[in-house]
Every structure is written in C-alpha cells, then in structure tokens.
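Q: okay, predicted coordinates and the sequence, questions at the end:
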Amino acid sequence: MNPTWLIALPLGFAFLGIFAGKFSKAFLWIASLANAIISLFIFNGNGVTSYIIGGWIPPYGINLVVNDMTRVFLLAVNLIFLLALVATSAEILKKDEKMSVAFMLSLAAINGILLTGDLFNLFVFLEISAISAYIMAASGKEAISKFAALKYLILGSIASSFYLLGVIVVYASTGTLNMADAAAKVTSLNPNVLLAAGLLMVVGLGVETKLFPFNGWAPDVYANASGRGSTILASVFPIAMISAFIRVITFVINSGKLNELIIVLGITTAIIGEVLAFSQKRMKKMLAYSSIAQAGVILMLIGIGSSKAYIGASMLLLNNGFGKLLLFSVASQIALVAGSDHFENVTGVGRKSPLFTLLFGAGALTIVGMPLFFGFRSKLYVISATMDKSLWIPAVILITAAIEVTYYFRWIFNLVKADAKLSEKRSPVPFGLALAGLLAVLVVIAFGIVPEANLDFFNRIGDLSIQLSKTLMGGM
Amino acid sequence: MDLSMIILISLIAAPILYFLAKFSHKIAYILFSFIQVFLFVFILLQKGIINTVSSFEIMDGLKLNFGFTPINWYFGSIIMLIISMSAIFMISIKKKSPAKLLLLSLVSTGAIGATLSMDFLTLVIFWELSTWSSLILIVLDKEKSFREAIKYVSVSAIGTYSMLYAVFYILKSFGTVNYLEVADKMKVAPESSKILIFVLFGIMALAKAGSFPLHIWLRGSHSTAPDEFSPILSGALTKIGAYLLFIMVAVIPSSSIFSWLPSIGGITLVNYVLAWLGGISIVVGTVMAIRMEDVKELIAFSTVSNSGYIVLAMALGGTYGTIGGLMHVLNHALASAAMFMSMAAVIHRTGTTKMREMGGLITKMPITFAAYLVAIISVAGIPPMSGFASKWLIYQQLVKNGLPFLAFAAFFGSVGSFMYVFKPLTGVFLGQLKPEHKNVKEAPFTMILPMSILTLLTIFWGILPSNAISFINKIVHYTGGKEIQLTFSRIIALTGQWDSVLVTMAFFVGFIIAFIIFLMGKKARQVDLMDTYTGGEFLYTAELYHFVYKMYRPFDRMFEKWPSMENWLTSLSYKIKELGALLKTLFYPKYPQGYVAVSMLTLLVAFWWLR
Amino acid sequence: MIQYFSIMLIAIGIYGLLSQKNLVKLIVSLNIMELGVNIFIISIGYVADGKVPILSPIVNKSSMNFVDPLPQALVLTAIVIGVGVTALALSLVLKVKESYGTIELDEIRGDNA
C-alpha cells in the first residue's frame, strides 16, 4: 500500500475540516482510523522500499522511505494516536471542532516525519508538527497553558531555524538534500563543517526530542495542556521525533564525536529528569519530567548505536508511547475528577474507582520496567547494550531507575491510599478511557510476556540500524 | 508435569481468580488456597529429583531456566508451605478483595519462579515480580502503610538494581548466568570483578532478607501490611534473600574464590564483613524489638534479628554454620509465619494491634495461644522446639572459629529474644481480660488449621531435628560441603552431641512435675483489672494499668540515645529533592530566556569541546 | 560577505531573545533570526554573474553557470512557515494578554508560570 495516503488523508481531512464545522470531529475519527488500518497493511512486509513523489527521481526529488524501523514506528504511532483519541474522547475542549483540525494536522505531519527521505521535507513536516503541537499545548483550560505554549513556540522556532541552518550547511557542502545521498557524501566532508552542521541539527532536533538542555519547554507544556493534547504530545510525538533524530543525526551525519556528545547529554537528561520528577507535587508535571528522563535514555542508546542499543531504544520508545498514553490520559481524567492533579487532591481516587488504579498502575509499572510488562524487557536490553559500551553508564541508569521506581510507586500508593476525603461519590471511568486503556494494558503485558521469537521485528530494527549506519540510507 | 507449566498455571490463575472474585469472594479465595496447596504438594513431591527445563526466550540467547536440585527443592518447599498455609488462613479473613487475590497469585508465582530458578536472570525476574506485587499489596489495607511501603520500594529497588547490574556484568564477563557455570568461571575471574559481583549480590541479599543496614523497611512494611499477608512477607519472601545468600556462599563458594584475601578466624575477609553485618543485625533487631509497643512491629524486628542469624551463619560457612543457617531458614519461616498468623487471628477477633489494649485472651483463644507459645519458644531457641537446634549449630561454628564478639552478638540475640517474645505473650494472652473482649471467640477453623500445622511441624522438628538435618545434609552434599553426623535422635557436633529425644523426655517429665505442683497449689483467684489501689484517685484508662504498658522502660531508656539507623533513606530523599530544586532553578526557569541561554551556551561549549 | 551579514542577523536575533522582556519584541527577535537564516540560505545559491535558472530558447545550454534555484525554493517555503508561526505566536500573545493583563515577561505572575 502506498504510504503517501498516511500523510495525504489526514492532511486532506484537516483542510476540509476547517470548513466543515461540526463534521471536523468526525473527520478526525475517520482519518485516524483509516491511518491505523493503512499502517497495519504497511506493517506487513519487510525490506526497504522507496516511493517517489511528484515524478522526480531521487536524489533530485522527494521520496518516502519505508524500512523495517519505519514499519514498526508507523504502526505504533497511528495506533497510539487512535487509542489516545479514544482514551480522551470524554474530554470536552474549548472550540472542539477547530481543535480537531490541529490534531489531524499533527497526524499528517508525524507520519510525514516518519516517512520522508528528504532533509528539507523533514523540516517542513517538523514545522507542521510543531505548529500543531503549539496549538495543542495552548489547549489547556488554565491561562498558564497559553504562556507555556508561547515559551514552547520561542524555543521551537529557534530550534527549527537551527535545524534549517544545519540542513543548508549540508546542502552547501554536498549539494544534495536526499538523506541517502547526503549520507554517502558527507563522509568526504571537512570534519569541522560536518560537526557544525551536526551540532546545529542536534540543537534543532534536541528541542523536539527533549534532549537536555534544550527541553526547558516540556514540563510546563505537558503539565498544562489539555488531556488529549498532552496525551498525544507525550505518547505519539516522541516516537516520530526520535525517529527523525535517528535518521538525521546518526544515519546521515554519523559522526563519532557527535555520538559521544549525545551519550553524555542523554545520560544527563536522564539524571536531571528523574531527580526533578522525584520532587514534583503535580501528577502531570511528574509525568512530564519522567518523559524527559525516558527520552534521555533513548537518545543515549541511539548515541551508543549498537544493534542491541537500537533494539532497546525502539522497545523503550514503544513502551514509553503506550505507558505515557495510559498515564497521561488517566492523569488528565483524574485531574478532572479531583479538581486538580496535586498530590493531596488525588489521594484515594483510585480506591473509589479501581479502574483508575489498574490503568495508572499498569502504565507506571511498564514505564519503571517491572517484570510481566514490556518495560522490563526493554530495560534488560538497555542494561545489556550500555554494559557493552561502558561499565559506568548502566550503573548511572540503574541509579536513576531506582529513583524512578520510588516516585512512581509513591504515586500509585497515593492513588490507593485509604483516605476519607473523596468519599462523597464514585467517579466512574469514562467508557473510552476504559476501552483504550485496557487495550494499551493488554499490549504492554503481551509485549512483556510473549517469547522473544514473536518480537522479531525489533531484531530487524537492530540489524537495519547496523546496515544503515555502515553503508547508506535506503531509498535512493 | 513440566516445571514451566506449573509456573504458567500459577501466572494464569492470577487474572482468573481476579474475575472470579468479582462474583464471589469466598469461592475465589478457596480456589486460591487449593491452587497454592497443589503447588506446594507438587514441589514437595519432587524430593530427590534433579532436572532442569529451559524455555521461553526472554532476550536473544537468554532463556528462563527452572529446575530442581536439593537447594531449589528445600527453599521452594519452605516458601510454598508458608504461602499455602497463609492461603488457607485467608479464607476467613474479613477484608477480601479481588485485587488482593490477583497480587497474591503474582507474589506466589514470583516466589516459586525465584526459588526454582537455575540462573541469576530468572531469579531476579521472578523475584522482582513478587516484589512489585507485594509492594502494592502492602498498601491496600492501612492508611499508615503508605509512608512505610515507600521505604520498601526504595530499598528493594536498590537491591534489585544492584543485582541486575551484577547479572549483566556476569553475562558480559562470563557469557553465562547459570549458577553452576558462573561458579566455575568465578574461580578464574579477575579479583576486582569477584569483589564487585559479591558486593552487589550481597546488597540484594541483605536488602531482601531484611538485614542490617538495609533492614529499615521491615518495621513499617511488615507491621502495616494486611494482617493475612504479613506471614508471607516475613516467613516466605525474606527467605528468597537467604536463598541468594546460600548460592553466594555455598554454590559459588565465597571461601574459595576469596582465598587470596586475608582471613580472620578461619573465614575470609569478605565473609567476615558479612558475618559482622549479620551480628549487628541481630543486636539491632533484638534491641528494637524489645522497645516496640505494637505487636506486628515487634515481630518485624524479630525478623531483622533472625535474618541476622541466617546471614551470620551463612557467612561463617563451615559444616555447622551452613547447616545451622539453612535450618534456621526453615525454623524462622515456620515460627514467624505462626506468630504473624496468631496475631492476625487475635486482630481478626479483637480489632486492635496495640498490646496494651488486649490481654487475658488465653481463655478465649487457647489454640491461638498455643500456636504463639510454640512459635516464640522456637524463635527464642529454647529446646525442645526446632529453633534450638539451628542456633546450637550456629554457636558450634562460632566456637569452632573462635569469634568471641560475634558469639556475644548471637547470645545477646538469644537472651534478648526472651524479653521481646515474652512481651506479647503476657500482653495479649496472659493477664487481665479487657471488658470489651468478654465475647471474643476462638479463631475460625480455617485459621486454626494452618496455625496448628505450622505448630506441629515446629514441635516435630524440635523433637527430631535429625530428620530436618538429614535432608539439609543432602543439600550440603550437593554443593560439595561436609555433612553432619546423625543418628535417629542425636546430632554430633564439635563440642558434644545433642540428643533431642532425651531432652524432650526430660522436658516432658519436668512439665508433668510442674503441672502436678500447679494442681496441688491454691487455686488462682480472678481479679478485675480496675480492682486496685490508686492513692485516692479514680481509675479511668485501663491501658495504663496494663502489664505491658512501658514494660521494659529501663531498658528502653538505656537505648533511647542510640543513633537511629532508620533515617538515612528519608534524608536521602530530602537531598534528592533539594538537588531537584537546584536543577529547576538552573535549567528550568520560569522565563524562556533561561532555556535559550543554556541551549546556546551548550551549543558553543559542545562545538569548542568536540572541534 | 553576505553570509557574515546573515550570521550577524542571527546573532542579533538571539541577543534580542535573551535581553528583551516584551513578548512582542521577543517575536520580532525571532523574526530577525529567521530572516538571517533565510538570507544565509539565499547566499548559498548565489553564483557570481550567474544566469536565471530557466531553460528557454535564449538560454538553452545546461553548461552555463546558473544560479542554484533550489535555495530560493527552500526560502520561499521557509518564509511561509515563518509567517504562519509568527501569526500563531502573536495570537498566543493576545491570549496571554487576555489572561494575565500584560505582555511584559516579568509582570506575568501565576502559580509556577
């Protein structure tokens, strides 16, 4: 199936949705459902396929590339997006119809980021996704969400300018914008020029992937955006952004020095994220810092760049996607029920409605990596991959993991704490949240307990990454 | 039946029981106890079988390995005995819920998987499974448990992650995680990696066994856990720590791999340090247990002290130390489970855990009393209960190695345990019956049954410790150690021999004589609690006149000024929060300029550094 | 030469972002920075004495030194995106003004803002 539909469909519906008034909400459902189905078809296949857009042969024209990594990520992104919509369907947003357009736009852009094989095309999709992300960030009820979105916008604009600058430096010195072509040509470049271009791109993509110190926007945005906005921002966006990071920084630039820098920054991100998450008093803020820490670990793995590291990184990404989908949608719903998501306010909510506890608990357990859940398996890969690189990295990762376990369990305990404060009425879990949540729980448990042989596609990602970083990006 | 099938059954039972419990609590709980008893019997019947199955690839090249060796069988049977007995005990508990059953099944699955594991990775996976489910289980009943369970979370995280690190370090260095293969490779490993692996495993074992300095979680978690879960927590789950410890010191013989280190008293430095930690743990546990007012906190500290004995014994090694330690695992599992169960039965009937609010329950709950009495005699190490034999063997080893200070710690623990176990005995069962407990009945049958079984087993192995030691001998034989000489009734050791049957007979005769004197003497008169002189004041609060109210006040005062070992975790958490506040002001300021500045600075520094 | 000029513009933009407290001025700084980037891109495609890159009957030899057309196309896209982001930013500033009553950064108060 031609993957162009994944971009064209939501983009078309977004365009129609501006004029469609009430129907735009229906368009959003149709687009995301269709995308989920299409990505399922694309998932069935292997090898590298290139799709030419506009009749120009690469490297002169833009092409879309489907490889084994993209297949997994595409399916995950579209599925999680759909689940996130279902999970937050009970939430009523201000100007809901107009907001649907932004969500459709983000879906199109995210699929574009995953698919495109062109550096400048990637910039365009990054910008579209960023614009829709700013709108999502501003969708919260509180005034503070607008300010947070503005801060995000300022940092995001700097980032995209820097990324563009990096792309232009690559173009000026290699004469191509096609990723595969550029990857082949950058090897003969002056290392300082390559480093400058790479650094500019690291800043540009670092903002979106939440690499320290470019992630200052994330806590406020995640904590204050609407339920649907924060869920999608936290679960779907990281997959696409990190995929872009992998393609550009490690496959195209592929500079050893830069990878060392990414490892250092990634570990720092993980430490700072976990330490800050430990001291948070608001649920969504805690989750935001935890997302930062997760991103740090994933980027560190990408910096290491071994086959095992890629398997670990892609597992963590998916795990983070499903886990954060659960956590953010539940946290937003709890905030609605309890009035706010402060630590004291949410005490005992889970005791009144056990389903909240189940969903939040499963999400938290998979993020911290407890056995039976997907997170544990990915944690094994993380430790194994980092151990091969250096003995210090896994030690640091495990120390931060100990902090992570402590604060996540503190929140789980807080939810089930016997407390009479909220005893007036049971707060029912909305049907959509229950449905999507239980599905996500099944997914993380299934990934946690199926034998390794059934998870072959992760191994293929590992193999692919090694091939690509050695030779060239597929899809000329 | 295949071994991995057993674990699978146990795992699949969890969600099934959960949904069944949604319809009927009673049926689900009964089914749960059937499953647990079945699992116990299955493991028990594998005696003498040695086999291994490996299935289910967890990550590339690594499979889960389960198997039966005498070691697995021994620990597996003990743990499943406690869990199955507790499962029966739970049938008549008041606070039932589907979530509890789900988590209990997972705890049991984890415990089985861990004890039947044949490699370190399988061990840590299943151990962690039982840990996280027990963590959530702890907080389900009591409000106070929230603060306490967090300590367990962080201590167990420290333990688990050090072990996980060690496992992957082993995998990277040796290419295998199988116990026996690792033991082979350890002999030729570089010295630094031997120490690293041993220390990391040691942290895990001490954390989970609840031994000093990682004992801080026991007090809160054991005491605030649901009453029916405390026996499992103390009797079963802490014993997995002993299992790892045994593997460290006996399967990977620490005495031989550290032979290049100086040795003190016949044991290598590493073992000596471990033995000291055990010794300190005995003293700390005993002192704190004496000072506790709450029954369950008291038993929790007695667990600390007894874990100390196990650590001490295992670290000493040698024939008597190893066998004594292994037997102490069995004894303490039986005794602490019986203690917690009898207290749970009392709490079930009276609804309080404060000792001074109880009293005189001996006439109301005689069987519970008997179970408790036998258990504390065993814990205190008094013949003719099984606790004596294990402590006796540990002393033998201490004497043999000539370690006076550690021997003092061990004796201190024994004497001290008289003091603390006496407190609940008098407080709860003897003394005056409280007016509000006039109508208390004996615990229901399903509670009596498991308590009685544990009690009878304690008495049986007290009279015939040679029976228990004969199969411990097999374990020691399997690991290549020296066995103890036994006859039907005698254990022959360094300083003499222990004829348990003879001693029991003597005790019995003594008991008959005492009983005759009791019958011949004047009959005791029952006096009301408030029937006393007060120097002209009225009496209102009965608690203040209770026998155990500030029972060991002078002793308490003696240890009041001791530095508390329990706060390091709390202060660590404050430090992390302070660090968090600093990082927030540095990198996550309120206004966007801050981020922009930091980002630009990083860009420039990175370019300058990498250029 | 023009490249140094564009880099100076970028630096000025960043300086503005760091020093200004007014939200609108921040956005103007952003625009200055984007302008610098755009000029940089154009400068890449510049060829001294280059011809217009259009194949026509008059200029039909591909060996002639054309000006690189691609950067111009890129800049057009970048400008459009820049306009969109600026519009969004200004509307957010309006929202901030509505809720906080000010567009000066240091006057914006709120819990943990």
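A: Now that the structure is in, tell me what you want to look at. Just so you know, these numbers come straight off a predicted model, no measurement behind them.
Q: what parts of chain C come near chain A?
A: C:10, C:14, C:17, C:23, C:26-27, C:30, C:33-34, C:37, C:40-41, C:44, C:70-71, C:74, C:77-78, C:81, C:84-85, C:88-89, C:92-93, C:95-96, C:98-100, C:108, C:110-113 (CB under 8 Å from any CB of the partner chain). The C-beta positions use only the backbone N, C-alpha and C, and glycine is treated the same way.
Q: break down the stretch 251-400 of chain A into its helices, ranges please.
A: A:256-278, A:283-304, A:307-338, A:349-352, A:354-368, A:374-389, A:392-416 (DSSP state H, counting those that start in this stretch).
Q: nearest to residue A:81, out of those helices?
A: helix A:307-338 (9.3 Å; CB to CB).
Q: what mean pLDDT does the closest one get?
A: For helix A:307-338, mean pLDDT rounds to 88.
Q: check the offset of it from the chain's centre.
A: 9 Å (CA atoms, centre = their mean, to the nearest Å).
Q: anything in that helix near chain C?
A: No - interface with chain C: helix A:307-338 contributes nothing (CB under 8 Å from any CB), its closest point being 14.4 Å away.
Q: thinking again about what came up before, show the buried residues in the residues of chain C next to chain A.
A: Listed as buried from these are C:10, C:14, C:17, C:23, C:26-27, C:30, C:33-34, C:37, C:40-41, C:44, C:70-71, C:74, C:77-78, C:81, C:85, C:88-89, C:92-93, C:95-96, C:99-100, C:108, C:113; burial here means 16 or more other CB atoms under 10 Å in any protein chain shown.
Q: show me the contacts for residue A:315.
A: A:374, A:377, A:378, A:381, A:447, A:458 (CB atoms under 8 Å, 6 or more residues apart in numbering or on different chains).
Q: wouldn't the second one be in contact with residue A:449 here?
A: Right, residue A:377. No - under the criterion of CB atoms under 8 Å, residue A:377 is not in contact with residue A:449, lying 9.0 Å apart.
Q: more neighbours: which of these two?
A: residue A:377 (28 against 17; other CB atoms under 10 Å in any protein chain shown).
Q: can you tell me the closest non-neighbouring residue to the more buried one?
A: residue A:448 (6.0 Å; CB to CB, 6 or more residues apart in numbering or on different chains).
Q: state the distance from that neighbour to residue B:474.
A: Distance, residue A:448 to residue B:474, using CB to CB, to the nearest Å: 37 Å.
Q: and the two? which has more neighbours close in?
A: Remark: of residue A:448 and residue B:474, residue A:448 carries more neighbours, 21 against 17, as counted by other CB under 10 Å.
Q: mind saving the C-alpha coords of stretch A:295-304 as CSV?
A: What follows is stretch A:295-304 as a C-alpha-only set of coordinates in CSV (Å, rounded to 0.1, in the frame of the first residue of the first chain):
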residue,chain,number,x,y,z
ALA,A,295,13.8,10.5,26.2
GLY,A,296,17.3,10.9,27.7
VAL,A,297,17.8,7.1,28.0
ILE,A,298,16.5,6.5,24.5
LEU,A,299,18.8,9.2,23.0
MET,A,300,21.8,7.8,24.9
LEU,A,301,21.1,4.4,23.4
ILE,A,302,21.0,5.9,19.9
GLY,A,303,24.3,7.5,20.7
ILE,A,304,25.7,4.1,21.5
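Q: low-confidence regions, the stretch 251-400 of chain B specifically.
A: B:353, B:356 (pLDDT under 70).
Q: sec struct for residue B:383, please.
A: Three-state assignment for residue B:383 (DSSP: H, G, I helix; E, B strand; the rest coil): coil.
Q: many thanks, we can stop here.
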